[in-house]
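> could you work out the structure for the sequence below:
(chains A and B)
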2 protein chains.
Amino acid sequence: MKVTLIGSGNVSEYLCDWYDIYKQPVLQIAGKNRKTVSALARKYKTKTAYKPEQLLAHNGIYIIAVNDDEIANAFNYWYNGKGTWVHTSGSTDMKVFGKKPGSFGVMYPLLTLNRLSVASLFFEIPFLVEASDRKTLLKIKSFLKRTKGVFRQADSKKRLKVHLAAVFLNNFIHHIGTLSFRMIKDIKLHPTVFAPLLRVTMINIFSNNREKLQTGPARRKDMKTIEKHLAMLKGNPEMKAIYQVITNSILKNYR
Amino acid sequence: MKVTLIGSGNVSEYLCDWYDIYKQPVLQIAGKNRKTVSALARKYKTKTAYKPEQLLAHNGIYIIAVNDDEIANAFNYWYNGKGTWVHTSGSTDMKVFGKKPGSFGVMYPLLTLNRLSVASLFFEIPFLVEASDRKTLLKIKSFLKRTKGVFRQADSKKRLKVHLAAVFLNNFIHHIGTLSFRMIKDIKLHPTVFAPLLRVTMINIFSNNREKLQTGPARRKDMKTIEKHLAMLKGNPEMKAIYQVITNSILKNYR
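Below you'll find the predicted structure:
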(Lines give C-alpha, C1' and ligand atoms only; values in the text may rest on other atoms or scores of the structure.)
Protein backbone atom coordinates (compact mmCIF):
# COMPACT_ATOMS: atom_id res chain seq x y z
CA MET A 1 0.00 0.00 0.00
CA LYS A 2 1.35 3.44 -0.91
CA VAL A 3 1.97 5.80 2.00
CA THR A 4 2.41 9.57 1.99
CA LEU A 5 3.38 11.45 5.14
CA ILE A 6 2.27 15.05 5.60
CA GLY A 7 4.63 16.71 8.07
CA SER A 8 8.29 16.27 8.93
CA GLY A 9 8.36 16.46 12.72
CA ASN A 10 8.82 13.98 15.52
CA VAL A 11 5.87 11.68 14.75
CA SER A 12 6.61 11.71 11.04
CA GLU A 13 10.23 10.70 11.59
CA TYR A 14 9.14 8.05 14.00
CA LEU A 15 6.68 6.57 11.51
CA CYS A 16 9.38 6.54 8.81
CA ASP A 17 11.53 4.46 11.13
CA TRP A 18 8.67 2.18 11.98
CA TYR A 19 7.57 1.60 8.38
CA ASP A 20 11.17 1.08 7.35
CA ILE A 21 11.53 -1.77 9.86
CA TYR A 22 8.32 -3.42 8.70
CA LYS A 23 9.13 -3.03 5.00
CA GLN A 24 6.37 -0.60 4.24
CA PRO A 25 8.39 2.19 2.65
CA VAL A 26 7.03 5.71 2.59
CA LEU A 27 6.51 6.99 -0.96
CA GLN A 28 6.60 10.72 -0.31
CA ILE A 29 7.00 13.23 2.52
CA ALA A 30 5.10 16.48 2.13
CA GLY A 31 5.57 19.73 4.01
CA LYS A 32 6.36 23.41 3.64
CA ASN A 33 9.57 23.22 5.66
CA ARG A 34 12.10 22.40 2.93
CA LYS A 35 14.92 21.77 5.34
CA THR A 36 13.26 19.14 7.55
CA VAL A 37 11.29 17.55 4.70
CA SER A 38 14.37 17.09 2.52
CA ALA A 39 16.48 15.81 5.43
CA LEU A 40 13.87 13.20 6.29
CA ALA A 41 13.36 12.27 2.61
CA ARG A 42 17.11 11.76 2.15
CA LYS A 43 17.33 9.61 5.26
CA TYR A 44 14.47 7.32 4.25
CA LYS A 45 14.87 7.57 0.47
CA THR A 46 11.43 8.99 -0.25
CA LYS A 47 10.19 11.62 -2.68
CA THR A 48 9.38 15.13 -1.46
CA ALA A 49 6.48 17.57 -1.97
CA TYR A 50 6.77 21.20 -0.96
CA LYS A 51 3.60 22.33 -2.75
CA PRO A 52 0.21 20.61 -3.31
CA GLU A 53 0.82 20.27 -7.07
CA GLN A 54 3.86 18.07 -6.28
CA LEU A 55 1.78 15.63 -4.20
CA LEU A 56 1.58 12.25 -5.93
CA ALA A 57 -1.95 10.88 -6.32
CA HIS A 58 -2.61 7.27 -5.22
CA ASN A 59 -5.24 5.06 -3.59
CA GLY A 60 -3.18 4.34 -0.47
CA ILE A 61 -2.95 6.26 2.78
CA TYR A 62 -2.09 9.90 3.40
CA ILE A 63 -1.02 10.32 7.02
CA ILE A 64 -1.20 13.83 8.48
CA ALA A 65 1.44 13.86 11.21
CA VAL A 66 1.60 17.50 12.30
CA ASN A 67 0.83 19.36 15.56
CA ASP A 68 -2.81 19.09 16.61
CA ASP A 69 -3.39 22.79 15.96
CA GLU A 70 -2.20 22.49 12.37
CA ILE A 71 -4.15 19.42 11.26
CA ALA A 72 -7.07 21.38 9.78
CA ASN A 73 -4.76 23.74 7.90
CA ALA A 74 -2.53 20.96 6.61
CA PHE A 75 -5.55 19.00 5.43
CA ASN A 76 -7.09 21.96 3.60
CA TYR A 77 -3.75 22.84 2.05
CA TRP A 78 -2.75 19.36 0.83
CA TYR A 79 -5.99 17.44 0.26
CA ASN A 80 -6.18 16.05 -3.31
CA GLY A 81 -9.38 13.97 -3.11
CA LYS A 82 -7.49 10.69 -3.60
CA GLY A 83 -6.95 7.70 -1.28
CA THR A 84 -7.63 7.65 2.46
CA TRP A 85 -6.64 10.57 4.68
CA VAL A 86 -5.94 10.00 8.35
CA HIS A 87 -4.52 11.98 11.25
CA THR A 88 -2.69 10.54 14.26
CA SER A 89 -3.87 12.84 17.05
CA GLY A 90 -5.37 11.54 20.28
CA SER A 91 -7.25 14.70 21.10
CA THR A 92 -8.49 15.85 17.68
CA ASP A 93 -12.02 14.98 16.57
CA MET A 94 -12.50 13.37 13.17
CA LYS A 95 -14.72 16.35 12.36
CA VAL A 96 -11.47 18.15 11.55
CA PHE A 97 -11.84 16.71 8.01
CA GLY A 98 -15.01 18.77 7.51
CA LYS A 99 -17.82 17.69 5.28
CA LYS A 100 -15.91 16.88 2.09
CA PRO A 101 -16.86 13.55 0.53
CA GLY A 102 -14.07 10.97 0.71
CA SER A 103 -12.36 8.35 2.83
CA PHE A 104 -11.17 9.63 6.22
CA GLY A 105 -9.95 8.18 9.45
CA VAL A 106 -7.81 8.42 12.56
CA MET A 107 -4.91 6.18 13.58
CA TYR A 108 -3.85 7.27 17.06
CA PRO A 109 -0.74 5.45 18.27
CA LEU A 110 -1.06 4.85 22.01
CA LEU A 111 2.63 5.23 22.67
CA THR A 112 5.08 8.04 23.31
CA LEU A 113 6.86 8.44 20.01
CA ASN A 114 10.17 10.12 20.38
CA ARG A 115 13.00 9.76 17.93
CA LEU A 116 15.46 9.61 20.80
CA SER A 117 13.81 6.58 22.36
CA VAL A 118 14.54 3.34 20.60
CA ALA A 119 12.55 1.54 23.31
CA SER A 120 9.23 2.11 21.55
CA LEU A 121 10.40 0.15 18.51
CA PHE A 122 10.47 -3.05 20.53
CA PHE A 123 6.77 -3.04 21.25
CA GLU A 124 3.68 -3.50 19.12
CA ILE A 125 1.88 -0.17 18.99
CA PRO A 126 -1.82 -0.27 19.82
CA PHE A 127 -3.60 2.11 17.42
CA LEU A 128 -7.00 3.54 18.27
CA VAL A 129 -8.78 3.67 14.94
CA GLU A 130 -11.82 5.53 13.67
CA ALA A 131 -13.06 5.72 10.07
CA SER A 132 -15.63 7.54 7.97
CA ASP A 133 -17.03 4.26 6.60
CA ARG A 134 -16.62 0.49 6.80
CA LYS A 135 -14.42 0.19 3.72
CA THR A 136 -11.97 2.73 5.12
CA LEU A 137 -11.95 0.94 8.47
CA LEU A 138 -10.99 -2.35 6.83
CA LYS A 139 -8.33 -0.60 4.75
CA ILE A 140 -6.74 0.91 7.88
CA LYS A 141 -7.01 -2.44 9.64
CA SER A 142 -5.16 -4.21 6.86
CA PHE A 143 -2.52 -1.46 6.75
CA LEU A 144 -1.89 -1.82 10.49
CA LYS A 145 -1.61 -5.58 10.16
CA ARG A 146 1.25 -5.16 7.69
CA THR A 147 3.09 -2.77 9.93
CA LYS A 148 2.64 -4.74 13.17
CA GLY A 149 0.27 -2.21 14.66
CA VAL A 150 -2.45 -3.50 16.96
CA PHE A 151 -5.93 -2.46 15.85
CA ARG A 152 -8.47 -1.12 18.40
CA GLN A 153 -11.63 0.67 17.36
CA ALA A 154 -12.51 3.86 19.25
CA ASP A 155 -14.60 6.88 18.33
CA SER A 156 -13.36 10.45 18.90
CA LYS A 157 -14.92 10.72 22.37
CA LYS A 158 -13.37 7.47 23.58
CA ARG A 159 -10.04 8.35 22.00
CA LEU A 160 -9.99 11.74 23.77
CA LYS A 161 -10.46 10.01 27.11
CA VAL A 162 -7.70 7.50 26.39
CA HIS A 163 -5.45 10.39 25.39
CA LEU A 164 -6.11 12.11 28.70
CA ALA A 165 -5.31 8.88 30.56
CA ALA A 166 -2.12 8.57 28.51
CA VAL A 167 -1.09 12.08 29.60
CA PHE A 168 -1.28 10.88 33.21
CA LEU A 169 0.26 7.46 32.56
CA ASN A 170 3.13 8.65 30.42
CA ASN A 171 3.74 12.41 30.51
CA PHE A 172 3.06 12.87 34.23
CA ILE A 173 4.76 9.67 35.39
CA HIS A 174 7.75 10.56 33.23
CA HIS A 175 7.97 14.03 34.77
CA ILE A 176 7.74 12.59 38.29
CA GLY A 177 10.65 10.35 37.32
CA THR A 178 12.63 13.32 36.04
CA LEU A 179 12.09 15.37 39.22
CA SER A 180 12.80 12.39 41.49
CA PHE A 181 16.11 11.50 39.87
CA ARG A 182 17.11 15.16 39.83
CA MET A 183 16.38 15.36 43.56
CA ILE A 184 18.68 12.46 44.44
CA LYS A 185 21.42 13.42 42.02
CA ASP A 186 23.71 14.53 44.85
CA ILE A 187 23.58 11.30 46.82
CA LYS A 188 25.52 9.34 44.21
CA LEU A 189 23.35 6.26 44.09
CA HIS A 190 22.85 4.85 40.59
CA PRO A 191 19.23 5.28 39.38
CA THR A 192 19.06 1.57 38.58
CA VAL A 193 18.79 0.91 42.33
CA PHE A 194 15.16 1.93 41.73
CA ALA A 195 14.67 -0.52 38.85
CA PRO A 196 13.04 -3.35 40.85
CA LEU A 197 10.74 -0.83 42.56
CA LEU A 198 9.63 0.66 39.25
CA ARG A 199 9.13 -2.72 37.62
CA VAL A 200 6.95 -3.88 40.49
CA THR A 201 5.07 -0.57 40.40
CA MET A 202 4.26 -1.14 36.73
CA ILE A 203 3.08 -4.68 37.35
CA ASN A 204 0.95 -3.63 40.33
CA ILE A 205 -0.74 -0.86 38.32
CA PHE A 206 -2.23 -3.52 36.04
CA SER A 207 -3.53 -5.64 38.90
CA ASN A 208 -7.25 -5.74 39.57
CA ASN A 209 -6.21 -5.39 43.20
CA ARG A 210 -4.47 -2.10 42.56
CA GLU A 211 -6.26 -0.19 45.33
CA LYS A 212 -5.22 -2.82 47.85
CA LEU A 213 -1.65 -2.57 46.56
CA GLN A 214 -1.31 1.13 47.39
CA THR A 215 1.37 1.57 50.06
CA GLY A 216 3.24 4.48 51.60
CA PRO A 217 2.88 7.10 54.35
CA ALA A 218 -0.32 8.64 52.91
CA ARG A 219 -1.97 5.21 52.64
CA ARG A 220 -1.00 4.46 56.26
CA LYS A 221 -2.06 7.97 57.36
CA ASP A 222 1.45 8.31 58.80
CA MET A 223 1.29 12.08 59.27
CA LYS A 224 4.68 12.22 61.02
CA THR A 225 6.49 10.91 57.95
CA ILE A 226 4.44 13.16 55.67
CA GLU A 227 5.50 16.18 57.76
CA LYS A 228 9.12 15.02 57.61
CA HIS A 229 8.95 14.75 53.80
CA LEU A 230 7.30 18.17 53.41
CA ALA A 231 10.05 19.70 55.53
CA MET A 232 12.65 18.08 53.26
CA LEU A 233 10.93 19.61 50.21
CA LYS A 234 10.95 23.15 51.62
CA GLY A 235 13.52 24.26 49.05
CA ASN A 236 11.73 22.51 46.17
CA PRO A 237 8.31 24.17 45.77
CA GLU A 238 7.43 22.24 42.59
CA MET A 239 7.92 18.81 44.12
CA LYS A 240 6.31 20.00 47.34
CA ALA A 241 3.17 21.03 45.45
CA ILE A 242 3.03 17.65 43.68
CA TYR A 243 3.64 15.85 46.98
CA GLN A 244 0.79 17.70 48.65
CA VAL A 245 -1.80 17.30 45.92
CA ILE A 246 -1.21 13.55 45.45
CA THR A 247 -0.93 12.90 49.20
CA ASN A 248 -4.26 14.68 49.75
CA SER A 249 -5.82 12.58 47.04
CA ILE A 250 -4.53 9.32 48.58
CA LEU A 251 -5.70 10.40 52.07
CA LYS A 252 -9.14 11.18 50.64
CA ASN A 253 -9.41 7.93 48.66
CA TYR A 254 -8.48 5.62 51.50
CA ARG A 255 -10.12 7.25 54.49
CA MET B 1 21.99 -17.39 60.87
CA LYS B 2 19.14 -17.27 63.37
CA VAL B 3 16.43 -14.72 62.64
CA THR B 4 13.78 -13.28 64.94
CA LEU B 5 11.06 -11.01 63.63
CA ILE B 6 9.51 -8.39 65.91
CA GLY B 7 6.06 -7.53 64.56
CA SER B 8 3.41 -9.44 62.66
CA GLY B 9 2.19 -6.96 60.04
CA ASN B 10 2.62 -6.59 56.30
CA VAL B 11 6.43 -6.30 56.19
CA SER B 12 6.88 -9.13 58.68
CA GLU B 13 4.68 -11.47 56.65
CA TYR B 14 6.47 -10.45 53.50
CA LEU B 15 9.88 -11.19 55.01
CA CYS B 16 8.66 -14.61 56.20
CA ASP B 17 7.71 -15.41 52.62
CA TRP B 18 10.99 -14.12 51.33
CA TYR B 19 13.14 -16.01 53.82
CA ASP B 20 11.09 -19.13 53.26
CA ILE B 21 11.88 -19.06 49.54
CA TYR B 22 15.60 -18.56 50.18
CA LYS B 23 15.77 -21.26 52.86
CA GLN B 24 16.53 -18.90 55.71
CA PRO B 25 13.74 -19.91 58.08
CA VAL B 26 12.60 -17.51 60.79
CA LEU B 27 13.16 -18.89 64.29
CA GLN B 28 10.63 -16.84 66.19
CA ILE B 29 8.00 -14.14 65.67
CA ALA B 30 7.50 -11.72 68.55
CA GLY B 31 4.61 -9.34 69.15
CA LYS B 32 1.89 -8.39 71.59
CA ASN B 33 -0.94 -9.18 69.15
CA ARG B 34 -1.54 -12.87 69.92
CA LYS B 35 -3.89 -13.36 67.01
CA THR B 36 -1.66 -12.11 64.18
CA VAL B 37 1.57 -13.43 65.73
CA SER B 38 0.18 -16.95 66.16
CA ALA B 39 -1.38 -16.97 62.67
CA LEU B 40 1.93 -15.99 61.09
CA ALA B 41 3.87 -18.44 63.27
CA ARG B 42 1.57 -21.31 62.27
CA LYS B 43 1.87 -20.43 58.60
CA TYR B 44 5.67 -20.32 58.63
CA LYS B 45 6.26 -22.90 61.38
CA THR B 46 8.11 -20.57 63.73
CA LYS B 47 8.06 -20.18 67.49
CA THR B 48 6.17 -17.31 69.12
CA ALA B 49 6.93 -14.73 71.83
CA TYR B 50 4.22 -12.60 73.37
CA LYS B 51 6.36 -11.28 76.22
CA PRO B 52 10.06 -10.31 76.44
CA GLU B 53 10.83 -13.26 78.75
CA GLN B 54 9.75 -15.64 75.95
CA LEU B 55 12.21 -14.13 73.45
CA LEU B 56 14.93 -16.64 72.57
CA ALA B 57 18.48 -15.32 72.92
CA HIS B 58 20.88 -15.85 69.99
CA ASN B 59 23.72 -14.17 68.11
CA GLY B 60 21.81 -13.78 64.84
CA ILE B 61 19.55 -10.96 63.69
CA TYR B 62 16.51 -9.45 65.35
CA ILE B 63 14.45 -7.60 62.75
CA ILE B 64 12.04 -4.97 64.00
CA ALA B 65 9.32 -4.83 61.34
CA VAL B 66 6.66 -2.58 62.85
CA ASN B 67 5.19 0.83 61.91
CA ASP B 68 7.75 3.64 61.98
CA ASP B 69 6.06 5.27 64.98
CA GLU B 70 6.36 2.09 67.04
CA ILE B 71 9.99 1.18 66.38
CA ALA B 72 11.34 2.95 69.49
CA ASN B 73 8.69 1.39 71.74
CA ALA B 74 9.12 -2.08 70.26
CA PHE B 75 12.89 -1.86 70.69
CA ASN B 76 12.71 -0.73 74.30
CA TYR B 77 10.14 -3.39 75.09
CA TRP B 78 11.87 -6.38 73.45
CA TYR B 79 15.60 -5.63 73.51
CA ASN B 80 17.56 -8.41 75.23
CA GLY B 81 21.13 -7.26 74.61
CA LYS B 82 21.90 -10.23 72.33
CA GLY B 83 22.71 -10.45 68.60
CA THR B 84 22.22 -7.64 66.08
CA TRP B 85 19.08 -5.50 66.10
CA VAL B 86 17.92 -3.84 62.90
CA HIS B 87 14.85 -1.96 61.71
CA THR B 88 13.57 -1.82 58.13
CA SER B 89 12.25 1.74 57.91
CA GLY B 90 13.29 4.14 55.17
CA SER B 91 12.50 7.28 57.12
CA THR B 92 13.64 6.37 60.64
CA ASP B 93 17.07 7.46 61.84
CA MET B 94 19.36 4.84 63.38
CA LYS B 95 19.37 7.05 66.49
CA VAL B 96 16.08 5.33 67.35
CA PHE B 97 18.21 2.64 69.05
CA GLY B 98 19.39 5.19 71.58
CA LYS B 99 22.77 5.02 73.28
CA LYS B 100 22.73 1.43 74.53
CA PRO B 101 25.91 -0.51 73.76
CA GLY B 102 25.40 -3.28 71.21
CA SER B 103 25.18 -4.16 67.55
CA PHE B 104 22.59 -2.14 65.61
CA GLY B 105 21.67 -1.48 62.03
CA VAL B 106 19.12 -0.71 59.37
CA MET B 107 18.08 -2.87 56.42
CA TYR B 108 15.68 -0.79 54.33
CA PRO B 109 14.19 -2.77 51.43
CA LEU B 110 13.78 -0.44 48.46
CA LEU B 111 10.64 -2.13 47.23
CA THR B 112 6.93 -1.96 47.91
CA LEU B 113 6.28 -5.00 50.04
CA ASN B 114 2.68 -6.06 49.97
CA ARG B 115 1.50 -9.55 50.71
CA LEU B 116 -1.02 -9.28 47.89
CA SER B 117 1.66 -8.65 45.27
CA VAL B 118 3.60 -11.70 44.27
CA ALA B 119 5.45 -9.56 41.72
CA SER B 120 8.02 -8.38 44.25
CA LEU B 121 9.19 -11.94 44.86
CA PHE B 122 10.57 -12.14 41.34
CA PHE B 123 13.08 -9.39 41.83
CA GLU B 124 16.22 -9.05 43.88
CA ILE B 125 15.53 -6.49 46.60
CA PRO B 126 18.09 -3.72 46.96
CA PHE B 127 18.58 -3.08 50.69
CA LEU B 128 19.98 0.22 51.94
CA VAL B 129 22.12 -0.75 54.88
CA GLU B 130 23.56 1.16 57.82
CA ALA B 131 25.32 -0.29 60.86
CA SER B 132 26.67 0.78 64.22
CA ASP B 133 30.10 -0.72 63.48
CA ARG B 134 32.08 -2.55 60.81
CA LYS B 135 31.48 -6.02 62.24
CA THR B 136 27.71 -5.48 62.19
CA LEU B 137 27.90 -4.16 58.64
CA LEU B 138 29.67 -7.32 57.45
CA LYS B 139 27.20 -9.48 59.34
CA ILE B 140 24.23 -7.79 57.63
CA LYS B 141 26.02 -8.01 54.29
CA SER B 142 26.52 -11.74 54.64
CA PHE B 143 22.92 -12.19 55.77
CA LEU B 144 21.65 -10.36 52.67
CA LYS B 145 23.86 -12.47 50.43
CA ARG B 146 22.17 -15.63 51.70
CA THR B 147 18.71 -14.24 51.11
CA LYS B 148 19.37 -12.78 47.67
CA GLY B 149 19.15 -9.22 48.85
CA VAL B 150 21.33 -6.64 47.12
CA PHE B 151 23.55 -4.71 49.52
CA ARG B 152 23.91 -0.91 49.25
CA GLN B 153 25.42 1.19 51.98
CA ALA B 154 23.58 4.40 52.94
CA ASP B 155 23.50 6.48 56.10
CA SER B 156 20.24 7.70 57.64
CA LYS B 157 20.28 11.01 55.73
CA LYS B 158 20.81 9.35 52.36
CA ARG B 159 18.23 6.68 53.16
CA LEU B 160 15.64 9.32 54.04
CA LYS B 161 16.15 10.97 50.65
CA VAL B 162 15.86 7.66 48.81
CA HIS B 163 12.69 6.95 50.77
CA LEU B 164 11.22 10.27 49.67
CA ALA B 165 12.12 9.50 46.04
CA ALA B 166 10.51 6.07 46.44
CA VAL B 167 7.29 7.73 47.63
CA PHE B 168 7.20 9.61 44.33
CA LEU B 169 8.35 6.68 42.18
CA ASN B 170 6.09 4.07 43.70
CA ASN B 171 3.29 5.47 45.88
CA PHE B 172 2.49 8.50 43.67
CA ILE B 173 2.91 6.73 40.32
CA HIS B 174 0.74 3.89 41.64
CA HIS B 175 -1.98 6.33 42.70
CA ILE B 176 -1.89 8.06 39.32
CA GLY B 177 -2.40 4.62 37.78
CA THR B 178 -5.35 3.93 40.06
CA LEU B 179 -7.06 7.24 39.23
CA SER B 180 -6.38 6.90 35.50
CA PHE B 181 -7.82 3.41 35.20
CA ARG B 182 -10.81 4.44 37.30
CA MET B 183 -11.43 7.37 34.93
CA ILE B 184 -11.56 5.18 31.83
CA LYS B 185 -13.54 2.36 33.44
CA ASP B 186 -16.68 3.26 31.49
CA ILE B 187 -15.11 3.12 28.04
CA LYS B 188 -14.62 -0.65 28.12
CA LEU B 189 -11.07 -0.78 26.84
CA HIS B 190 -8.91 -3.35 28.58
CA PRO B 191 -6.17 -1.70 30.71
CA THR B 192 -3.52 -3.81 28.96
CA VAL B 193 -3.92 -1.54 25.92
CA PHE B 194 -1.71 0.79 27.99
CA ALA B 195 0.94 -1.87 28.62
CA PRO B 196 3.35 -0.86 25.82
CA LEU B 197 3.03 2.81 26.83
CA LEU B 198 3.82 2.05 30.46
CA ARG B 199 6.72 -0.24 29.59
CA VAL B 200 8.26 2.41 27.39
CA THR B 201 7.63 5.04 30.09
CA MET B 202 9.58 2.93 32.57
CA ILE B 203 12.47 2.44 30.18
CA ASN B 204 12.58 6.13 29.30
CA ILE B 205 12.67 7.17 32.96
CA PHE B 206 16.03 5.41 33.31
CA SER B 207 17.52 7.07 30.25
CA ASN B 208 20.14 9.75 30.71
CA ASN B 209 18.17 11.59 28.05
CA ARG B 210 15.04 11.62 30.14
CA GLU B 211 14.42 15.37 29.87
CA LYS B 212 14.59 15.13 26.08
CA LEU B 213 12.15 12.21 26.20
CA GLN B 214 9.40 14.22 27.88
CA THR B 215 6.42 14.47 25.52
CA GLY B 216 2.81 15.64 25.76
CA PRO B 217 0.74 18.81 25.56
CA ALA B 218 2.53 20.57 28.44
CA ARG B 219 5.93 19.86 26.88
CA ARG B 220 4.70 21.24 23.52
CA LYS B 221 3.01 24.19 25.28
CA ASP B 222 -0.19 23.09 23.52
CA MET B 223 -2.54 25.22 25.64
CA LYS B 224 -5.59 24.30 23.55
CA THR B 225 -5.28 20.62 24.43
CA ILE B 226 -4.54 21.47 28.07
CA GLU B 227 -7.75 23.53 28.20
CA LYS B 228 -9.67 20.66 26.61
CA HIS B 229 -8.33 18.21 29.20
CA LEU B 230 -9.11 20.53 32.12
CA ALA B 231 -12.68 20.89 30.84
CA MET B 232 -12.97 17.09 30.72
CA LEU B 233 -11.81 16.91 34.36
CA LYS B 234 -14.39 19.41 35.62
CA GLY B 235 -16.28 16.69 37.46
CA ASN B 236 -13.10 15.16 38.89
CA PRO B 237 -11.49 17.79 41.17
CA GLU B 238 -8.80 15.40 42.46
CA MET B 239 -7.45 14.53 39.03
CA LYS B 240 -7.86 18.13 37.92
CA ALA B 241 -5.67 19.33 40.79
CA ILE B 242 -3.01 16.73 39.94
CA TYR B 243 -3.25 17.63 36.25
CA GLN B 244 -2.73 21.31 37.01
CA VAL B 245 0.17 20.98 39.40
CA ILE B 246 2.18 18.60 37.19
CA THR B 247 1.36 20.52 34.01
CA ASN B 248 2.56 23.74 35.65
CA SER B 249 5.76 22.02 36.68
CA ILE B 250 6.39 20.73 33.14
CA LEU B 251 5.66 24.16 31.64
CA LYS B 252 8.10 25.72 34.11
CA ASN B 253 10.83 23.15 33.53
CA TYR B 254 10.81 23.32 29.74
CA ARG B 255 10.24 27.01 29.11
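
> use CA for all of it now, contacts and neighbours both
Noted.

> in stretch A:128-137, which residues are buried?
Residues A:128-132, A:136-137 are the ones in stretch A:128-137 that count as buried (16 or more other C-alpha atoms under 10 Å in any protein chain shown).

> run through who's touching the helix or strand where residue A:77 lies.
Element membership of residue A:77 [criterion: DSSP states H and E] is helix A:71-78. Outside of helix A:71-78, the residues within contact range by C-alpha atoms under 8 Å, 6 or more residues apart in numbering or on different chains are A:6, A:51-52, A:55, A:64-66, A:87, A:96-97.

> which of the residues in the longest helix belonging to chain A are buried?
Determined from DSSP state H, the single longest helix within chain A is helix A:237-253. Buried positions in helix A:237-253, judged by neighbour count with 16+ other C-alpha under 10 Å: A:238-243, A:245-247, A:249-250.

> cool, stretch A:82-92 as well?
A:83-92.

> now stretch A:179-193
Neighbour counts using 16+ other C-alpha under 10 Å place A:179-181, A:183-184, A:189, A:193 of stretch A:179-193 among the buried residues.

> give me the contact list for it.
Residues from elsewhere that reach stretch A:179-193, judged by C-alpha under 8 Å, 6+ apart: A:239, B:126, B:158, B:161-162, B:165, B:168-169, B:206.

> that one - what's its average pLDDT?
Across stretch A:179-193, the average pLDDT comes to 91.

> and the end-to-end length of it?
16 Å (C-alpha to C-alpha, to the nearest Å).

> what distance separates that stretch from the centre of its chain?
Its chain's average C-alpha position is 27 Å from that of stretch A:179-193, according to C-alpha atoms, centre = their mean, to the nearest Å.

> check contacts around the residue nearest to residue A:111 when sequence neighbours are not counted.
For residue A:111, ignoring the flanking residues on the chain, the nearest one in space by C-alpha to C-alpha, 6 or more residues apart in numbering or on different chains is residue B:197 at 4.8 Å. Counting by C-alpha under 8 Å, 6+ apart, residue B:197 touches A:110-112, A:166, A:169-170.

> hang on, residue B:197 in a helix?
Yes: counting by DSSP: H, G, I helix; E, B strand; the rest coil, residue B:197 is found in a helix.

> where along chain A do the strands fall?
Secondary structure of chain A (DSSP state E): strands at A:3-6, A:28-30, A:47-49, A:61-64, A:84-87, A:103-109, A:125-131, A:149-153.

> report pLDDT for the residue in the stretch 1-150 of chain A positioned nearest to chain B.
Going by C-alpha to the nearest C-alpha, chain B is nearest to residue A:111 of the stretch 1-150 of chain A, at 4.8 Å. With respect to pLDDT, residue A:111 has a value of 88.

> now the one 5 residues further on
Model confidence at residue A:116, given as pLDDT, is 67.

> with adjacent residues omitted, what lies nearest to residue A:103?
residue A:84 (4.8 Å).

> contacting residues for that neighbour?
Residue A:84 makes contact with A:59-62, A:102-105, A:136 under the criterion C-alpha under 8 Å, 6+ apart.

> for these, work out which two are farthest apart.
A:59 and A:105 (14.2 Å; C-alpha to C-alpha).

> give me the more crowded residue out of the two.
Neighbours per residue, other C-alpha atoms under 10 Å in any protein chain shown: of residue A:59 and residue A:105, the larger number sits with residue A:105, 23 against 12.

> my guess is the more buried one contacts residue A:132, does it?
Yes: assessed by C-alpha atoms under 8 Å, residue A:105 is found in contact with residue A:132 at 5.9 Å.

> just checking, residue A:153 touches residue A:128?
Yes: checked against C-alpha under 8 Å, the pair residue A:153 and residue A:128 is within contact range at 5.5 Å.

> hmm, back to that, between the buried residues of stretch A:179-193, which is nearest chain B?
residue A:180 (5.4 Å).

> relative to residue A:242, how far out is that closest one?
Where residue A:242 is concerned, residue A:180 sits at a distance of 11 Å (C-alpha to C-alpha).

> can you give me the helices in the stretch 151-255 of chain A?
All helices of the stretch 151-255 of chain A, identified by DSSP state H, counting those that start in this stretch, fall at A:156-166, A:173-183, A:195-205, A:217-220, A:223-232, A:237-253.

> for the fifth one, packing partners?
In this structure, helix A:223-232 packs against helix A:217-220, with contacts taken as 3 or more C-alpha pairs under 8 Å, 6 or more residues apart in numbering or on different chains; DSSP states H and E.

> how about a cut-off of 10 Å?
Applying 3 or more C-alpha pairs under 10 Å, 6 or more residues apart in numbering or on different chains; DSSP states H and E, one finds that helix A:223-232 contacts helix A:217-220, helix A:237-253, helix B:156-166.

> near chain B at all, the shortest one?
Yes: with C-alpha under 10 Å from any C-alpha of the partner chain as the threshold, helix A:217-220 lies in contact with chain B, specifically through A:217-220.

> what's the angle from the helix or strand bottoming out on mean pLDDT in chain A to strand A:149-153?
Across the helices and strands of chain A, mean confidence by mean pLDDT, DSSP states H and E is lowest for helix A:10-21: a mean of 87. Put simply, helix A:10-21 runs at 120 degrees to strand A:149-153, going by axes from the mean of the first three to the mean of the last three C-alpha atoms, to 10 degrees.

> so which residues make contact with helix A:10-21?
A:3, A:5-8, A:23-26, A:29, A:36-37, A:40-41, A:43-44, A:46, A:63-67, A:88, A:109, A:112-118, A:120-121, A:146-149 (C-alpha atoms under 10 Å, 6 or more residues apart in numbering or on different chains).

> returning to that earlier point: how many neighbours does the residue of the stretch 1-150 of chain A closest to chain B have?
For residue A:111, using other C-alpha under 10 Å, the count is 24.

> who touches residue A:161 in this structure?
Listed by C-alpha under 10 Å, 6+ apart, the contact set of residue A:161 reads A:90-91, A:167, B:180, B:183-184, B:187, B:229, B:232.

> residues contacting residue A:62?
By C-alpha under 10 Å, 6+ apart, the contact list for residue A:62 reads A:2-6, A:28-30, A:75, A:78-80, A:82-87, A:104.

> 6 Å instead, please
Applying C-alpha atoms under 6 Å, 6 or more residues apart in numbering or on different chains, we find residue A:62 in contact with A:3-5, A:85.

> pLDDT score assigned to it?
What the model reports for residue A:62 is a pLDDT of 98.

> separation between it and residue A:52?
The gap separating residue A:62 from residue A:52 is 13 Å, by C-alpha to C-alpha.

> okay, buried residues for stretch A:192-203 please.
For stretch A:192-203, by 16+ other C-alpha under 10 Å, it's A:193-203.

> what do you get for stretch A:211-218?
Buried residues in stretch A:211-218 (16+ other C-alpha under 10 Å): A:211, A:213-218.

> one step back: what would the buried residues of stretch A:128-137 look like in CSV with distance to chain B?
Shown next, in CSV, are these (distance: C-alpha to the nearest C-alpha, whole Å):
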residue, distance to chain B
A:128, 10
A:129, 13
A:130, 15
A:131, 18
A:132, 21
A:136, 22
A:137, 18
